[in-house]
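S.K.: A structural model of the following input is requested.
(chains A and B)
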Protein chains: 2
Amino acid sequence: MNIQPAERMNHIKPSVIRQFAEAALKQGLISFANGNPSPVTFPVEYMKRFYQEALETGDNKLFTYGAVLGYPPLVEALKKRLAAKYGFDFEQNDLFIVSGGTQAVDLVSKIWLEKGDGVIVEEPSYSSCYNIFHAYEAELLGVGINESGIDTEAVEEMLKTHPEVKLIYTISSFQNPTGYTAVADTRKKLYELACRYDKIILEDDPYTELRFAGESVDPVKSLDTEGRVFYTSSLSKVICPSFRLGYLVADKRFRQYLNVCKQVTDIHSNTLAQYVAWGIMTKTDYEEHLNRAREEYRKRVALVTETLKKNMHPSCRISAPEGGLFMMLFMPDCVDAVEFTWKGIERGVVCVPGSGFLIDGNAPSHSIRMCYSTAPIEDVARGAEIIGKLTWDMIEGKD
Amino acid sequence: MNIQPAERMNHIKPSVIRQFAEAALKQGLISFANGNPSPVTFPVEYMKRFYQEALETGDNKLFTYGAVLGYPPLVEALKKRLAAKYGFDFEQNDLFIVSGGTQAVDLVSKIWLEKGDGVIVEEPSYSSCYNIFHAYEAELLGVGINESGIDTEAVEEMLKTHPEVKLIYTISSFQNPTGYTAVADTRKKLYELACRYDKIILEDDPYTELRFAGESVDPVKSLDTEGRVFYTSSLSKVICPSFRLGYLVADKRFRQYLNVCKQVTDIHSNTLAQYVAWGIMTKTDYEEHLNRAREEYRKRVALVTETLKKNMHPSCRISAPEGGLFMMLFMPDCVDAVEFTWKGIERGVVCVPGSGFLIDGNAPSHSIRMCYSTAPIEDVARGAEIIGKLTWDMIEGKD
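M.R.: Numbers count the residues shown, from 1 in each chain, chains lettered A, B, ... in the order given. Have a look, this model is predicted:
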């Protein structure tokens, strides 16, 4: 057979993160690689209750083909929550259930992106989304990110020089991989730039419910009077990933596009999982469930931070996330992150090198992402200590 | 905001079928429109048992991110079944779990299709797949289908004149909408043509397990020594649609492509549903479960066929499916299918006009699809009688 795959296949690459994550699982290492929520946060008892409840109803609507937009009670519950929490305007916007936040990014890309379009991304950022944009043959344009969020000056510079930009992708809270959160002023500037230059913002916000410190900041979508912000979040981090459920908030004038794109992708998302998510959100003390998860991550960040500060080389620096699953360890330029990662694996700990989050995955990097959520708590401090000591050995040339 | 959607959005259209199906639901009509399996076939008791079993295991692998390829025990169970039933070679092929057969068609299209590529489709056929191919900006080339399956002479003619064809899409058994099944000789010819002209076959086979009469015919994939047939089927018709589970069998040399395409689409499919499907397939008398479903459809086809034969105008003809969910009523050219469908709705029965399954959805057609699976059994004969009488009134000009 001598048939060439579509051109897009030249642009998408297997996830580096998954490679390290899978390596970690196989070899029984302490894993800071897997970007998974902590298993102790999975509401298994609630899941038992609501799966049983769903199946007892005998309601065929839960078993046959369902609404493309999502199971209506779950849609309503999420709208109510987002309207109360962030003031989202559901006179103006729809909320769709999607099969995980990844699918939301895919659907928005499917509607808008084609060859020659530019997408501004934070760099480093979640590389699977780079892949999604590449699958639609868009060009990625990286801008920096720091403690205040996306570098809006760099965004403006990019907008001035790259008229082909159509979309700006931002993980506004507890960013993957840095753990950084955009401050209110950054969000406002970003939205103003999108308006001034007539661009779309895709705000990916899967970690926002996991804030364990500091003050909540409203999403960019809260500022959106023009319907140019597509907002997505996920139930993977607050219920469980294997449900494959997320949601997308978009101006109503795009309903027909989203509807048909979802139809040609997977028709709709798993209905029983939607029922269970609705049950957990509306018939339990959901805030208490979230608080347990937040407390778990707060404890873990404190442990890693304290251990690293005690053990790492003074030329290193770590991000100080106020929520989410990720932090980053920044090392001096003499340390190559990939080499560091392999040394770490030799010593029993696996992280993901920062290069895995760059547009050019082979570019040099000097940072590693540490996901503190997955490893058994008793391994977390030990793992952080190993990483801390490794910075000394690498920087002082002892390894 | 003055941003244009991607060019592909000009090519994909909302499903006509869903429009009629949703109309039917809203107005409480007798529905021959919904292409859904019969609710009486949903194994709700088994679902209770295996959801509970899954949740009792407390196995975090069922809750956190799972394997892109699918839940390994389900993958193995399906491989075993397909190897035994059709002789599929899993030394040479992979089996992937996907989020419904629709997603399999999307993934195969994502790998292979781009602007300018041609796709040969049966016409009429499942219009959602037309939409998927259009989303990748492929050109559709329709060939006829009859009692023996796809018209292979028309396929060859098309291949001779359209070198841009890359892929041939076929629903080989109990085709949607006609109910026709390709005979063994058609399958052999189709595969030979694909080899001779170096094309890909995408064989969509979601109804095959629902054979209630006649002899089983091996899929085209069974003939595939060159790895050019992508085979997909679904659990929607044999377990339930709301699980959103299907599978894709493809030559191992495409594993990396499928893996990365699934990652950038929804990462993996709902794991608990995969566990439950595995439980039903391996720990119950699955064949007995399938036999109950087959018997249900056999009974319904007999009822519709008998009633139509008694009541319809002698110039009409119906297909005689040996399995699946669909049959078609073919009327003389003087009857417009869309008009007929609206008259049917006035009389309390909703079908889908044949034009909904043509590449040009506005082209004239003189047939309607009747899905006999969904309506309560006591309504089926009454609905068929109304349809039968309507043919008289339309043809004799009384309505």
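
S.K.: helix, strand or coil for residue A:167?
M.R.: Secondary structure, DSSP: H, G, I helix; E, B strand; the rest coil: residue A:167 is strand.

S.K.: Report the contact partners of residue A:75.
M.R.: Residues near residue A:75 by C-beta atoms under 8 Å, 6 or more residues apart in numbering or on different chains: A:69, A:95-97. Using the backbone N, CA and C atoms, a C-beta is placed for each residue, glycine as well.

S.K.: Need the residues you listed in CSV (columns: neighbour count, pLDDT and distance to residue B:380).
M.R.: Formatted as CSV, the contacts of residue A:75 follow (neighbours: other C-beta atoms under 10 Å in any protein chain shown; pLDDT from 0 to 100; distance: C-beta to C-beta, whole Å):
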residue, neighbour count, pLDDT, distance to residue B:380
A:69, 17, 91, 30
A:95, 21, 98, 37
A:96, 27, 97, 35
A:97, 29, 98, 33
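
S.K.: Redo those as JSON lines? Include secondary structure.
M.R.: Shown next, in JSON lines, are the contacts of residue A:75 (three-state DSSP):
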{"residue": "A:69", "secondary structure": "coil"}
{"residue": "A:95", "secondary structure": "strand"}
{"residue": "A:96", "secondary structure": "strand"}
{"residue": "A:97", "secondary structure": "strand"}
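
S.K.: Show me which of the residues you listed is closest to residue B:370.
M.R.: The closest of the contacts of residue A:75 to residue B:370 turns out to be residue A:69 (C-beta to C-beta; 27.6 Å).

S.K.: I figured the closest one hits residue A:97, correct?
M.R.: Yes. The criterion here is C-beta atoms under 8 Å, and residue A:69 meets it with residue A:97 at 6.9 Å.

S.K.: Up against chain B, what does the stretch 51-200 of chain A have?
M.R.: A:51-52, A:55-56, A:58, A:60, A:62-66, A:68, A:99-100, A:102-103, A:106, A:110-114, A:117, A:128, A:131-132, A:135-136, A:166, A:198-200 (C-beta under 8 Å from any C-beta of the partner chain).

S.K.: following the biggest helix by length in chain A, which helix or strand comes up?
M.R.: Scanning chain A for the longest helix, with DSSP state H as the assignment, gives helix A:286-311. The helix or strand immediately downstream of helix A:286-311 is strand A:317-318, counting by DSSP states H and E.

S.K.: what sits up against that next one?
M.R.: Contacts of strand A:317-318 (C-beta under 8 Å, 6+ apart): A:305, A:308-309, A:312, A:327-330.

S.K.: try 10 Å this time
M.R.: Here strand A:317-318 makes contact (C-beta atoms under 10 Å, 6 or more residues apart in numbering or on different chains) with A:179, A:301, A:304-305, A:308-309, A:312, A:327-332, A:367, A:370, A:384, A:388.

S.K.: do the same with stretch A:86-93
M.R.: With C-beta under 10 Å, 6+ apart as the test, stretch A:86-93 has contacts from A:75-76, A:78-83, A:95, A:205, A:208, A:216-219, A:221-227, A:229-231, A:248-255.

S.K.: you'd agree residue A:353 is up against residue A:341?
M.R.: Yes. Residue A:353 lies in contact with residue A:341 (C-beta atoms under 10 Å); the separation is 4.5 Å.

S.K.: Name the residue in those two with the higher neighbour count.
M.R.: Using other C-beta atoms under 10 Å in any protein chain shown as the criterion, residue A:353 and residue A:341 rank with residue A:353 on top: 27 against 24.

S.K.: What spatial separation is found between that one and residue B:57?
M.R.: Distance of residue A:353 to residue B:57, computed by C-beta to C-beta, to the nearest Å: 34 Å.

S.K.: With residue A:148 instead?
M.R.: The value you get for residue A:148 to residue B:57, if C-beta to C-beta is used, is 45 Å.

S.K.: between the two, who's got more neighbours?
M.R.: Applying other C-beta under 10 Å to residue A:148 and residue B:57 shows that residue A:148 carries more neighbours, namely 16 against 12.

S.K.: what residues are up against that one?
M.R.: Listed by C-beta under 10 Å, 6+ apart, the contact set of residue A:148 reads A:180-187, A:189.

S.K.: Please list only the buried members of those residues.
M.R.: A:180-182, A:186-187, A:189 (16 or more other C-beta atoms under 10 Å in any protein chain shown).

S.K.: Could you tell me how many residues sit around the residue nearest to residue A:297 when sequence neighbours are not counted?
M.R.: Using C-beta to C-beta, 6 or more residues apart in numbering or on different chains and skipping residues adjacent in sequence, the residue nearest residue A:297 is residue A:212, 5.4 Å away. Residues lying near residue A:212 (other C-beta under 10 Å) number 21.

S.K.: mind listing what residue A:212 touches?
M.R.: A:174, A:290-291, A:293-302, A:321-324.

S.K.: ok, now residue A:345?
M.R.: Residue A:345 neighbours (C-beta under 10 Å, 6+ apart): A:20, A:23-24, A:27, A:29, A:33, A:351.

S.K.: could these be laid out in JSON lines, adding secondary structure?
M.R.: Listed next are the contacts of residue A:345 as JSON lines, based on three-state DSSP:
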{"residue": "A:20", "secondary structure": "helix"}
{"residue": "A:23", "secondary structure": "helix"}
{"residue": "A:24", "secondary structure": "helix"}
{"residue": "A:27", "secondary structure": "helix"}
{"residue": "A:29", "secondary structure": "coil"}
{"residue": "A:33", "secondary structure": "coil"}
{"residue": "A:351", "secondary structure": "coil"}
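
S.K.: Let's see the PyMOL selection covering just the buried ones among the residues you listed.
M.R.: This is how PyMOL selects the buried members of the contacts of residue A:345, with burial counted by 16+ other C-beta under 10 Å:
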select buried, chain A and resi 20+24+29+33+351
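
S.K.: okay, which residue is most central for chain A?
M.R.: Relative to the mean C-alpha position of chain A, the nearest C-alpha, by C-alpha atoms, centre = their mean, is the one of residue A:206, at 5.1 Å.

S.K.: And the pLDDT at that residue?
M.R.: What the model reports for residue A:206 is a pLDDT of 98.

S.K.: Tell me how far it lies from residue A:324.
M.R.: Distance from residue A:206 to residue A:324, by C-beta to C-beta: 8 Å.

S.K.: joint contacts of these two?
M.R.: Both residue A:206 and residue A:324 are contacted by A:35, A:37, A:171, A:173-174, A:176, A:237, under the criterion C-beta under 10 Å, 6+ apart.

S.K.: between these, which is nearest chain B?
M.R.: Closest approach between the shared contacts of residue A:206 and residue A:324 and chain B, by C-beta to the nearest C-beta: residue A:37, at 7.3 Å.

S.K.: Just the pLDDT for that closest one.
M.R.: Reported pLDDT for residue A:37: 95.

S.K.: Likewise for residue A:27?
M.R.: Predicted confidence (pLDDT) for residue A:27: 72.
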